Structure formats: structure tokens, C-alpha cells
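**Q** pasted the sequence and its predicted model underneath.
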Amino acid sequence: MSAADDEADVDRVLAGDPSAFEGIVRRWQGPLVNLAYRFCRDRGRAEDLAQEAFLRAYRGLRQWRRQGMFSTWLFALATNLYRTEIRRIPPVPVPLDGIEAGARHPGDDPDDHDRDRAIRRAVDTLPPKYREALILFYFREMDVAAAAAALGVPEGTLKARLARARALLRRKLPAVTAAPRLKEAQ
């Protein structure tokens, strides 16, 4: 995925070739659906949210100021949309007490599977501002600057939210977090 490809496609769309937006969709559809899924935990809803994000991006291409990468702008737009939609129609919460061991795949280490599932469930129970920071930083693997830009907050605020989220997770999952530590924001 190249920033130059994104810029070229945006230029073509703005010059009157709407079919060039297809390249942007091809490059970013998987990542935007995955990001939406981290917010709502429903594949169908995630696909709908990603489609809406692309529609808004297409309509707002002239608003991209080119000061940063197109992908940062696109993910900020998508994150804001997802946050708004999740507040409007929240996903059904699952209490941590009711979590059972899920289906395992042959060759999976049961301890790893259970730990990953417990962490995902615990992240889902965090307040939105902490959950969103974790999703972008850990699951989307954005750096601090990109995640902060996507959320529209200063880098220091993002770092504080990550620290608070890790502390909340450590309290919720003491046995899980005693194993390999969550990487710290640099």
C-alpha cells in the first residue's frame, strides 16, 4: 500500500474520473472492515460501516489537506464515523463472568486461544475512549501519532489513554496480563 498510489487515485477522482476511487477501496477495504469489526464485533455491521466510511470519504475528498498521509485522513474519518455509530446503536455487551472457552482449531494452543479471547472480551468492556485508543494502537498497529490524529487528540492524551486502558485491563485480567506484557506506547 503506497501513499503515492493513494494520492494518484485521489487526483484522478478530483479530476473527474470517479472510477479511480476503486483503487482506494481495493487497498483499504479490508483494513476498514477490520477496524469497524473491532468497534462493533459484528461482521455484517462492520461491512456496512466501512461502506459508509468510503461513501463519506468519496464525498469529502476535497477536504483532505494533504498535510498528512491519505490513509491517516481516511482512518480518522472512519474512526469518527464508527465511534458515532457505536454510540448511537451500541453493540450488545457480553459480561466477563459468562465467557466460556470458545471453539478451538486443531494445532491451537488452548491457553493462547483462551487468553486472546479473554483479552478481546475485556477490551470490549472498556469505556469507549480507552477501547478506541487500544484498538487503533494495538489491533490496527498505528503508531502514537497516527492513532492520536485518527482520534483527534494530542499524542500525550493518547498515551495517557493507553496507559489507563492497560491499567484497567491488568485489573480485569490479572492472570492473563501476568504472562507476556502488553507493549508500552513509545
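**A** It's in.
**Q** now the residue nearest to A3 when sequence neighbours are not counted: how far from G60?
**A** Leaving aside its sequence neighbours, A3 sits nearest to M69 (Cβ to Cβ, 6 or more residues apart in numbering; 5.1 Å). Just so you know, the C-beta spots here come from the backbone N, C-alpha and C atoms, and that holds for glycine as well. With distances taken as Cβ to Cβ, to the nearest Å, M69 is found 16 Å from G60.
**Q** out of the two, which sits in the busier spot?
**A** The neighbour count for M69 versus G60, taken as other Cβ atoms under 10 Å, is higher for M69 (15 against 11).
**Q** for the chain, give me the ranges with low pLDDT.
**A** 1, 91-113, 175-186 (pLDDT under 70).
**Q** so what are the domain limits for it?
**A** 1-93, 108-186 (automatic domain parsing).
**Q** the most centrally placed residue in the chain - nearest residue in space that isn't next to it in sequence?
**A** With distances taken as Cα atoms, centre = their mean, L35 lies nearest the centre of the chain, 3.6 Å away. Excluding its sequence neighbours, the residue lying closest to L35 (Cβ to Cβ, 6+ apart) is R140, at 5.7 Å.
**Q** angles on the backbone of the residue nearest to A3, please.
**A** Main-chain torsions, M69, degrees, to the nearest 10: phi -70, psi 150.
**Q** equivalent analysis for M142, please.
**A** phi -80, psi 150.
**Q** ok, back up a step: for the residue nearest to L35, what are its contacts?
**A** 31, 34-35, 38, 75, 147 (Cβ atoms under 8 Å, 6 or more residues apart in numbering).
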